[in-house]
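Novice: Generate coordinates for the sequence data below:
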Amino acid sequence: MREIYDAIATRLRDETPFAVATLVATRNSAPAPIGTSLIVDCDGAITGNIGAGCHESEIVDAAHTALRDATDRTLEFDMSDEMLDGSACGASLTVVAWRPRREFASVAAHISSGSDSVTFLCGAYVVHVPGKRRLVIVGATDLASYLTRAARVADLHVTVVDPRPAFATRRRQPDADELIVGWPDDVLPELLERADAVVALAHDVKIDVPAIHCALASTVSYVGALGSRRSQLARREALRALGYD
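Specialist: Numbering: from 1, shown residues only. Got it, this is the predicted structure:
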């Protein structure tokens with residue numbers, strides 16, 4: 001979804017004519033999150049999709065019309081329609097076809113970055129797009145680079161922390177949003193105030209145990225740790241020495 005808003009911001013800055021169709025409300029289950037959008041360009045090219053199945057062509061047509069007359073259009077769809085051969089999700093969708101004004105470029109760029117939640121008016125609907133969830137990985141290992149890549153696809157903001165400058169490099173961790181050289185005790189207390197998850201992957205007790213200790217002392221909702229059987233036993237002993245059962 002965020003790539004679409006980056007494309008919207010680019011088109012607005014370049015003053016390229018286009019229209020947008022945005023999912024603004026759902027009832028029951030939903031094929032996509034609120035704010036999901038598609039772009040229809042003046043040459044007929046389509047970017048993105050809303051997940052409305054066979055109704056997608058109606059959405060594109062409405063966006064084409066909005067592109068021509070700059071008038072918002074609101075469409076309602078029942079995804080339990082029998083014409084969807086029983087594979088539909090059963091949701092009811094509301095979609096608005098509209099032409100963003102140039103000043104929407106900054107809003108779109110903010111949504112694209114995912115740094116914070118963003119709320120904007122789309123037709124008669126207020127659309128709220130949450131910021132990215134935040135994952136902190138301790139240990140700039142090869143496994144961390146794979147996890148970072150997967151987490152980015154899942155729309156997480158990823159910070160990789162490692163006290164070893166030779167490990168915490170952009171060459172080793174090219175997909176991290178943030179790369180911090182520092183000891184967990186020093187940097188995690190502040191980072192975890194906004195984090196949703198932390199994973200210890202250093203495979204080094206001197207690094208992993210302080211990271212787990214900081215995580216367990218925080219309000220973060222998910223704490224993970226991976227390593228060999230030997231490193232797991234060493235971490236367990238070190239945590240017991242800190243008073244954990």
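Novice: With just CA atoms, put the helix or strand of the chain with the lowest mean pLDDT into PDB.
Specialist: Ranked by mean pLDDT, DSSP states H and E, the weakest helix or strand in the chain is helix 229-241, scoring a mean of 89. Extracted in PDB, the C-alpha atoms of helix 229-241 (Å, rounded to 0.1, in the frame of the first residue of the first chain):
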ATOM      1  CA  ARG A 229      21.400 -25.100  21.600                       C
ATOM      2  CA  ARG A 230      24.600 -24.200  23.400                       C
ATOM      3  CA  SER A 231      23.900 -20.400  23.200                       C
ATOM      4  CA  GLN A 232      20.300 -21.000  24.400                       C
ATOM      5  CA  LEU A 233      21.600 -22.800  27.500                       C
ATOM      6  CA  ALA A 234      24.200 -20.000  28.200                       C
ATOM      7  CA  ARG A 235      21.500 -17.300  27.800                       C
ATOM      8  CA  ARG A 236      19.200 -19.200  30.100                       C
ATOM      9  CA  GLU A 237      21.900 -19.500  32.800                       C
ATOM     10  CA  ALA A 238      22.700 -15.800  32.500                       C
ATOM     11  CA  LEU A 239      19.000 -14.800  32.800                       C
ATOM     12  CA  ARG A 240      18.600 -16.900  35.900                       C
ATOM     13  CA  ALA A 241      21.600 -15.100  37.400                       C
END
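Novice: gap between it and the chain center?
Specialist: Centroid separation for helix 229-241 versus its chain: 33 Å, with CA atoms, centre = their mean, to the nearest Å.
Novice: Show me what it packs onto, helices and strands only.
Specialist: The contact analysis (3 or more CB pairs under 8 Å, 6 or more residues apart in numbering; DSSP states H and E) places helix 229-241 against helix 205-216. Yep, even glycine has a C-beta here, placed from its N, CA and C like the rest.
Novice: For the helix it packs on, buried residues please.
Specialist: Neighbour-count burial for helix 205-216 flags Val205, Ile207, Asp208, Val209, Pro210, Ala211, Ile212, His213, Cys214, Ala215 (criterion: 16 or more other CB atoms under 10 Å).
Novice: In a markdown table: those, plus pLDDT and distance to Thr16.
Specialist: Formatted as a markdown table, the buried residues of helix 205-216 follow (pLDDT from 0 to 100; distance: CB to CB, whole Å):
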| residue | pLDDT | distance to Thr16 |
| --- | --- | --- |
| Val205 | 91 | 55 |
| Ile207 | 95 | 48 |
| Asp208 | 94 | 49 |
| Val209 | 94 | 53 |
| Pro210 | 95 | 50 |
| Ala211 | 96 | 46 |
| Ile212 | 95 | 50 |
| His213 | 95 | 52 |
| Cys214 | 95 | 47 |
| Ala215 | 96 | 46 |
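Novice: could I get those as a markdown table with distance to Val20?
Specialist: Supplementary listing: the buried residues of helix 205-216 in a markdown table, determined by distance: CB to CB, whole Å:
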| residue | distance to Val20 |
| --- | --- |
| Val205 | 51 |
| Ile207 | 46 |
| Asp208 | 46 |
| Val209 | 49 |
| Pro210 | 47 |
| Ala211 | 42 |
| Ile212 | 44 |
| His213 | 47 |
| Cys214 | 42 |
| Ala215 | 40 |
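Novice: Sweet, I'm off.
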